[in-house]
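K.L.:
no FASTA, just this:
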């Protein structure tokens, strides 16, 4: 897997999740405190639990709009948490790559605080407050990474920030460049400085952002959906970025498909 990340010739086709050991810090409560019930996180965002989907979903509304972030966002005191908790019980499996999920990216965290439609409008109507919020959130994200990296020498992290729907991006290239590019690059640069690689998980049709993600942010790998032009991405950027692809479940589970069709 790491040979593939580094654009060396792999000895076989690696399966990412079977080839990776994940490390999580109990101190990091940037995510829901519980994955099986209604809960909150250390910002005080409330989550309702969906029996249908089996996951907690954030309830926005802490802020009416982004202009309130300086007054109403209460940053967690990270020194109040025991970042060494669990380290003594962690058994490193040297045959696997070491990684951690790095969820709730900058835009995702914004629309966890604010109603989603309001967040989209604020990108256009309150760009200065959006940019300052994203920059402050980037510093916060970097501190989380650094505290975890001191305990776990990751090979890579999976950074999550969804920028699109099934049809198109949530916002224009110009908006991304003006508001999200610089703070995201600040995060990526801090991670790369430690020699850790980054897989960018980004749901939606985001083809228009790929040049900036690959050439600017320098993501080492992409976890994106097949609605994007993956062949085109590999043709143009295959020497710069690794792309995770999955077998199509509609083919794999179709009993009418032949073995040759499945292999193809």
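P.N.:
Noted; the coordinates are in hand. Please read all numbers here as calculations on a predicted model, not as lab measurements.
K.L.:
list the buried residues in stretch 131-150.
P.N.:
Going by neighbour count (16 or more other C-beta atoms under 10 Å), the buried part of stretch 131-150 is 131-134, 136-138, 140-142, 144-145, 147-149. All C-beta spots, glycine's among them, are computed from the backbone N, C-alpha and C.
K.L.:
let me fix that, I meant to ask about stretch 62-69.
P.N.:
Going by 16+ other C-beta under 10 Å, stretch 62-69 has these buried residues: 62-63, 65-67, 69.
K.L.:
re earlier: nearest to residue 191, of the buried residues of stretch 131-150?
P.N.:
residue 145 (5.9 Å; C-beta to C-beta).
K.L.:
that closest one: which element?
P.N.:
Taking DSSP states H and E as the criterion, the element that holds residue 145 is helix 127-151.
K.L.:
just residue 158 next, same as before
P.N.:
Residue 158 belongs to strand 156-160 when assigned by DSSP H and E.
K.L.:
hmm, back to that, nearest to residue 177, of the buried residues of stretch 62-69?
P.N.:
For the buried residues of stretch 62-69, the nearest to residue 177 is residue 66 (18.3 Å; C-beta to C-beta).
K.L.:
is it correct that that closest one is in contact with residue 121?
P.N.:
No: Residue 66 is not in contact with residue 121 according to C-beta atoms under 8 Å; the separation is 9.6 Å.
K.L.:
and the strands in the stretch 101-250 of the chain?
P.N.:
Here the stretch 101-250 of the chain has its strands, by DSSP state E, counting those that start in this stretch, at 156-160, 197-201, 221-223, 242-243.
K.L.:
so the second one versus strand 156-160, what angle?
P.N.:
Angle of strand 197-201 versus strand 156-160, following axes from the mean of the first three to the mean of the last three C-alpha atoms, to 10 degrees, is 30 degrees.
K.L.:
ok, back up a step: what residues does the helix holding residue 145 touch?
P.N.:
Here helix 127-151 makes contact (C-beta atoms under 8 Å, 6 or more residues apart in numbering) with 23, 25, 27-28, 30, 66-67, 69-70, 73, 75, 78, 83-84, 87, 100, 102, 105-107, 109-110, 122-123, 154, 157, 175, 178-180, 182-184, 186-187, 190-191, 194, 196.
K.L.:
for PyMOL, write a command that selects the buried ones of the residues you listed.
P.N.:
Here is the PyMOL command that selects the buried residues among the contacts of helix 127-151 (16+ other C-beta under 10 Å):
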select buried, resi 23+25+27+28+30+66+67+69+73+83+100+102+105+106+107+109+110+122+123+154+157+175+179+180+183+184+186+187+190+191+196
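K.L.:
next step: the contacts of helix 127-151 restricted to helices.
P.N.:
Among the contacts of helix 127-151, DSSP state H puts 69-70, 106-107, 109-110, 122-123, 175, 182-184, 186-187, 190-191 in helices.
K.L.:
kindly indicate which of those lies nearest residue 236.
P.N.:
Closest approach between the ones in helices among the contacts of helix 127-151 and residue 236, by C-beta to C-beta: residue 184, at 20.9 Å.
K.L.:
contacting residues for residue 172?
P.N.:
Neighbour list for residue 172: empty [criterion: C-beta under 8 Å, 6+ apart].
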